[in-house]
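Undergrad: My questions are about this predicted structure, shown below with the sequence.
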Amino acid sequence: MRIYFGYVAMSVIVPECTPSKTITFQNLSKIDGEKARFSRLSSIARENLRNTRRLFFHNQAHDIKLFRITSKLIPLATHPIAENWDWFVEVKDELKSLGDYARENAFRISAHPDHFTLLNSPREEVAEASIRDLEYHLRIMDGMGLDSSAKLVIHVGGSYGNKEASLKRFIQNYKLLSSEFKQRIVLENDDKIYTAREVLGLCQELKIPMVLDIHHHWCNNHNDDVGDYLADIFATWEGEARPPKIHLSSPKDAKRFRSHADNVEASFFLEFLAKARPLNRDFDVMIEAKNKDQALFNLLAELKSIPYIHFIDEGSIEV
């Protein structure tokens, strides 16, 4: 089986290449005139897109086909101060060019809307804001010309004092979404509330692919073994154009065990790999470490000493 590795949003290796440059609401408000404010936002957005393209070049040079684009690509895109700014028209050519390069090089792209994207919130205004955020991400994917294999990873949300009711509310709100949203959304287990087994049940009911976060499972598992149902998790990706995907990170330390460490402990990955090997199925690994691409390279360097792991190129292995 072949395993592909990627990293999140930005590089610690490529200098001065942030794709997430922004401006605060307060500072934007100091600019006189709506036209001047929108010009400033457009300038930042174009810089972010140029830097994303530089990251794409970096990834291609190192055989990294898996990448999560930042949700901050377009500054203040969903903020009320920018509601009259047609950012899509301003950057549509840059988005198309970026998407063309991603498709030409067979990149598998995803995004992870922020933690405030909560489809199961009992507050109507929060649910509406969540839809607006998803719409923003959808426009990015569509503007890049990416098909439905480019996914939006979200969490189920909060429990709001009644977990069962919150799960039902997620189901109700999800069913109201358009097919454009449904073909892109994938669900991930979290580190406090919804376990991998619970998210799997939801994904099976709604026919949503599931991203297994093994660090989150380590934090929140109700003492079950994910190996017992890993085949079922991978099966939620049946019919998709891309292989199943997991998130990989290590605990920062004993006290801050929910936080991501700078790098990934090889043992953390190898423990999971032992559960996945019997399935003999390709899968993607998104590294969520603080050291970004350097953490990816560090992990792969450690894996070179494992006799049953064979390197196909700089960004993928065969087991």
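TA: Right, received. Where do you want to start?
Undergrad: can you pull the buried residues of the lengthiest helix in the chain?
TA: Criterion DSSP state H: the longest helix present in the chain is helix 34-61. Of the residues in helix 34-61, 37-38, 41-42, 44-45, 48-49, 51-56, 58-60 count as buried by neighbour count, 16 or more other Cβ atoms under 10 Å. In short, each C-beta sits where N, CA and C put it, glycine included.
Undergrad: list the helices and strands it packs on?
TA: helix 25-29, strand 66-68, helix 87-104 (3 or more Cβ pairs under 8 Å, 6 or more residues apart in numbering; DSSP states H and E).
Undergrad: Stretch 226-240 spans what distance, first to last residue?
TA: With Cα to Cα, to the nearest Å as the measure, stretch 226-240 spans 22 Å from end to end.
Undergrad: That stretch: which residues count as buried?
TA: So stretch 226-240, judged by 16+ other Cβ under 10 Å, has buried residues 226, 229-230, 233-237.
Undergrad: And stretch 17-34, by the same measure?
TA: Of the residues in stretch 17-34, 17-20, 22-23, 28 count as buried by neighbour count, 16+ other Cβ under 10 Å.
Undergrad: Which of the residues you listed sits closest to Lys192?
TA: Comparing the buried residues of stretch 17-34 against Lys192 with Cβ to Cβ places Ser20 closest, at 25.4 Å.
Undergrad: The closest one: what secondary structure?
TA: Assigned with DSSP: H, G, I helix; E, B strand; the rest coil, Ser20 falls in the coil class.
Undergrad: Among the helices and strands packed on helix 34-61, show me which one is buried the most.
TA: Greatest average neighbour count among these goes to strand 66-68 (a mean of 22), per mean count of other Cβ atoms under 10 Å.
Undergrad: Sheet partners, orientation included, of that one?
TA: Counting by DSSP bridges, the strands paired with strand 66-68 are strand 2-8 (parallel), strand 108-111 (parallel).
Undergrad: one step back: pLDDT added to the buried residues of stretch 226-240, as CSV?
TA: As requested, these are exported to CSV (pLDDT from 0 to 100):
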residue, pLDDT
Val226, 96
Tyr229, 97
Leu230, 98
Ile233, 98
Phe234, 98
Ala235, 98
Thr236, 98
Trp237, 98
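Undergrad: Please convert those residues to CSV, extending it with distance to Trp85 and secondary structure.
TA: Below are these laid out as CSV (distance: Cβ to Cβ, whole Å; DSSP: H, G, I helix; E, B strand; the rest coil):
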residue, distance to Trp85, secondary structure
Val226, 44, helix
Tyr229, 46, coil
Leu230, 45, helix
Ile233, 40, helix
Phe234, 42, helix
Ala235, 43, helix
Thr236, 38, coil
Trp237, 37, coil
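Undergrad: Which two among those residues are spaced furthest apart?
TA: Val226 and Trp237 (15.6 Å).
Undergrad: Was I right to think Ser97 contacts Phe56?
TA: No - look at Ser97 against Phe56 with Cβ atoms under 8 Å: they stay out of range, at 10.1 Å.
Undergrad: isn't there a strand covering Ser267?
TA: No - remark: Ser267 does not belong to a strand; assigned using three-state DSSP, it is helix.
Undergrad: what about the helices in the chain?
TA: 25-29, 34-61, 87-104, 124-143, 163-175, 179-182, 196-206, 214-219, 230-235, 266-276, 292-303.
Undergrad: want to throw those into a markdown table with distance to Lys151?
TA: Shown next, in a markdown table, are those (distance: least, Cβ to Cβ, whole Å):
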| stretch | distance to Lys151 |
| --- | --- |
| helix 25-29 | 30 |
| helix 34-61 | 17 |
| helix 87-104 | 13 |
| helix 124-143 | 9 |
| helix 163-175 | 15 |
| helix 179-182 | 11 |
| helix 196-206 | 13 |
| helix 214-219 | 17 |
| helix 230-235 | 15 |
| helix 266-276 | 20 |
| helix 292-303 | 19 |
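Undergrad: Alright, calling it a day.
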